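Asks: need a structure here:
(chains A and B)
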Amino acid sequence: MGKASSSSTAQDALALFDSFRSAYSATPTTLKIIDLYIGFAVSTALIQVVYMALVGSFPFNSFLSGVLSCVGTAVLAVCLRIQVNKENKEFKDLAPERAFADFVLCNVVLHLVIMNFLG
Amino acid sequence: MASGSLGGFLVLVLAVSICHAAASVFHPISDSHRSAAAELFAPVDGSFGSLEEAYEALRSFEVLGINKKSDIRTTTCQSVVEKLRSSSSAPKYLFYALKVNGILECTVINEVFEGIASRLKTNVNGASSLLEFYYSIGSLVLIKDQSPEVDVLLADAGGVFHSIKSLSQSDGRWRFSSDNPEASTYAAGLALEALSGVIELASSEVDQSKIGTLKSDILKLFDSIEKYDDGTIYFDEKVVDLREHQSPLSTTASVIRGLTAFATVTSGNIKIPGDKILGLAKFFLGIGIPGNAKDFFNQIDSLASLESNKVPIPLVLSLPATVLSLTKKDQLQVKVNTVLGSSAPPLTVKLVKAFSSGSKAASKIASQELKFDKESGSHFLDVLPESIDVGSYTFVFEVVLHDSEEENVYATGGSTQVQIFITGVIKIENAEIAVLDSDIGSIETQKKLDLARGSTVSLSANHLQKLRLSFQLTTPSGHAFKPHQVFLKLTHETKVEHIFVVGISGQKFEKILDFLGLVEKFYYLSGSYDIQLTVGDAVMENSFLRAIGQIDLDLPEAPEKASRPPSPAVDPYSKYGPKAEITHIFRVPEKRPSQELSLVFLGLVLLPLIGFFIGLLRLGVNLKNFPTSAVPATFGILFHVGIAAVLLLYVLFWLKLDLFTTLKTLGLLGAFLLFVGHRILSHLASTSSKLKSA
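Replies: Residues are numbered from 1 along each chain as shown, chains lettered A, B, ... in the order given. You can find the predicted model right below:
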């Protein structure tokens, strides 16, 4: 009984995953690129956190700026994705180029602060 | 420790008082000068650096009677002959070469002298500066002395005299040349020597009126003389910042050389007062033994000039000892010598007056003559007069020459004042220490003290009693003696000190300590006190600082408000000792991870980036959307370059730039980026909207 239920759960999960993949393949390439970029930023942040957990937080400002740089740029990328996505009726009037300009500007400001904080 | 420092202080006070008083005794040149000369004028490898130095050394040796000619004769004569033969030698070098030759008497043939003489004569006629005249004329005079056959006489002596005299000033000083307005006393000495040379070399007699004006110049020069209180006089430059500034010593030496040269050629009919000459002699003797060769030469040469019988020969009165002990019955000895230490003509020394240094009161003694001892060559007084007791005195001596004719030859300077200390062993009598009962004054305990040997007593007292210390001091001649310093010191076990001045009452020194009035000053500290007595004076041979015993004081308990005893004094010498070592505490450096681990994580951090690129490839990303026409493509490229430039600027900011530079540059880059970004993005937007509408 238990075995059957567990296998059914696994099958359910598998089915869910499959439906997610098929749905995601319909997503435009532009958004996929942004998703990839977010994944890259978050995993870099994670590696730094692991490193910090291993060796200690001595140059704490350097650690913070490294992680915040990744998280910050990821958040900005999420914002970009929301604005660029055509499904979002809220930002219908907003040109994707304008959204990209915002993204670039915010990154410039963010990284100026990060560099200042890096030490 | 404290008593040691007090003792040191007393010694210092005594030393200072003695040094201050012992001025104005001038000793003639002695053997210490001779040994100093041998050290100062040491030739290197048998020769001196220059002929000028060689002359100074040889002249000093000659005056002091040291025979060292043979040591340096060969090499020095060689360079003398070389200088004399060379036709290009300047007058200055010829002058010193001839001076050295005058002492060493090297072999020089007459033709050489004749050649130099004719050259120098042309030099003299064409000379314009004082130094040219000085060296040329000086050399001619030297040739005249060394080789009488050579013709050195000046045809136009009057003209040369006039051109040197034209450099003089109305105050007796001279200028070095006509285009140099600064006058100097040193130059006056050189000029006098040169003019004396002109008078000596003149083929016909020089006008007496010219010599007369020169005499009045010399007397004017003496008007500007500098003076010390003890009768020392000297010449100094009026303007200190002359280009060729000379010290008072060389200035005075130069004037004396000129003066004696002038006195020689005018057969000594210039009248310089004897006390001026004596004052100058005192100036040269007063500097002791100079530390450098030039000063030494100036001193010795000038003293020799003074003694050369061209001006009154100064006689110096000196005392072998100015501290005389009454107890040891020291004799008062006086020596009279010439400045170079040779013996004086027959004379009598009188002790005219003697008065205590403090008071300018009447003389303590009647005038008396000193006896003369032929063997030691000194004048002495067998016994000091009765009226002279211990103390410091000013003795006034007078030197009287036996032959009154010689008074023009010698300068004795009239009376000489000398400060003399008469010391003696002071007798200490009736020394006793007693503890008295306060109310009736009856004696509780009384003890005799032997201050000469240093016995110690032990006493005890309470706050209702008094301590009395008394003693008498008498000089060898039986008078009461009052030393400079009489102190009584009580030191508690805890090093708290109290010092009292012991006053004199009548014939007796007495100090009464009333403990009732002193309890507060003593900080209510009961217990044992060490008693120390200090009696000191410069003329007291047995000055002492001695512990005379202890007193056990029983003082009442301190009330609450009583002041606390001061903390013990810090040892004054400790501030010269080593300081405590300072240890610097630094922050311990943070623990750093191993380098390998950090490098591994650097690689790990790059992995997502690689993953990102792989992902982009799998998604099939392309640059097809990149504008193809020229203008937008340029803007596109510039946009990316601009972003790269901003990122590069951030890297530089991290590495070395400061915030202000970065922000300035960022402003420029940002404006550029805004412009190109706007152009490319609006281009893209318009193309995409066209695409949509199509």
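Asks: immediately after the longest helix anywhere in chain A, which helix or strand?
Replies: Under DSSP state H, the helix in chain A containing the largest number of residues is helix A:29-55. Using DSSP states H and E, the helix or strand that directly follows helix A:29-55 along the chain is helix A:60-84.
Asks: Which helix runs longest in chain B?
Replies: Longest helix in chain B, counting by DSSP H: helix B:659-693.
Asks: what is the mean pLDDT for it?
Replies: Taken as a whole, helix B:659-693 carries a mean pLDDT of 90.
Asks: do stretch B:547-567 as well
Replies: What stretch B:547-567 shows for mean pLDDT is 83.
Asks: how far out from the middle of the chain is it?
Replies: Put simply, stretch B:547-567 sits 49 Å off its chain's centre (CA atoms, centre = their mean, to the nearest Å).
Asks: Now do the end-to-end distance for that stretch.
Replies: The distance separating the two terminal residues of stretch B:547-567, taken as CA to CA, to the nearest Å, comes to 23 Å.
Asks: contacting residues around residue B:520?
Replies: Contact partners of residue B:520, counting by CB atoms under 8 Å, 6 or more residues apart in numbering or on different chains, are B:562-563. To be clear about C-beta, it is placed using only N, CA and C from the backbone, and glycine gets the same treatment.
Asks: you'd agree it is in a helix?
Replies: No. Note on residue B:520: no helix contains this position according to DSSP: H, G, I helix; E, B strand; the rest coil, which reports coil.
Asks: what's the longest helix of chain A packed up against?
Replies: Helix A:29-55 sits against helix A:60-84, helix B:595-619, with contacts defined as 3 or more CB pairs under 8 Å, 6 or more residues apart in numbering or on different chains; DSSP states H and E.
Asks: orientation of that helix relative to helix B:595-619 in degrees?
Replies: Angle of helix A:29-55 versus helix B:595-619, following axes from the mean of the first three to the mean of the last three CA atoms, to 10 degrees, is 170 degrees.
Asks: Please point out which parts of the longest helix of chain B sit buried.
Replies: B:662, B:665-666, B:669-670, B:672-673, B:676-677, B:679-685 (16 or more other CB atoms under 10 Å in any protein chain shown).
Asks: quick one: the helix or strand encompassing residue B:447 to chain centroid distance?
Replies: Using DSSP H and E, the element containing residue B:447 is strand B:443-448. Averaged C-alpha coordinates place strand B:443-448 at 56 Å from its chain's average position (CA atoms, centre = their mean).
Asks: Just the CA coordinates for that strand, please, in CSV.
Replies: Coordinates of the C-alpha atoms in strand B:443-448 are reproduced here as CSV (Å, rounded to 0.1, in the frame of the first residue of the first chain):
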residue,chain,number,x,y,z
ILE,B,443,66.9,70.5,80.9
GLU,B,444,65.7,66.9,80.7
THR,B,445,68.7,65.4,78.9
GLN,B,446,71.8,67.1,77.6
LYS,B,447,74.6,65.5,75.6
LYS,B,448,77.9,66.8,74.4
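Asks: Wasn't residue B:423 part of a strand?
Replies: Yes. According to three-state DSSP, residue B:423 belongs to a strand.
Asks: For chain B, see how far away the one residue sitting closest to the centre of chain A is.
Replies: Computing the C-alpha centroid of chain A and ranking residues by CA atoms, centre = their mean puts residue A:38 first, at 2.8 Å. For residue A:38, the distance to chain B equals 10 Å [CB to the nearest CB, to the nearest Å].
Asks: Can you pull the residues of chain A lying near chain B?
Replies: Within reach of chain B by CB under 8 Å from any CB of the partner chain, chain A has these residues: A:29, A:32-33, A:36-37, A:39-41, A:43-44, A:47-48, A:50-51, A:54-56, A:58, A:95-98, A:100-101, A:104, A:108, A:111-112, A:115-116, A:118.
Asks: among those residues, which ones are buried?
Replies: Among the residues of chain A next to chain B, the ones that count as buried by 16+ other CB under 10 Å are A:32-33, A:36-37, A:39-41, A:43-44, A:47-48, A:51, A:55, A:95-97, A:100-101, A:104, A:108, A:111-112, A:115, A:118.
Asks: thought residue B:605 was touching residue A:46?
Replies: No. Under the contact definition of CB atoms under 8 Å, residue B:605 does not touch residue A:46, with a separation of 10.1 Å.
Asks: Mind checking which of those two has more residues around it?
Replies: Under the neighbour definition other CB atoms under 10 Å in any protein chain shown, residue B:605 and residue A:46 were set side by side, and residue B:605 has more, 17 against 14.
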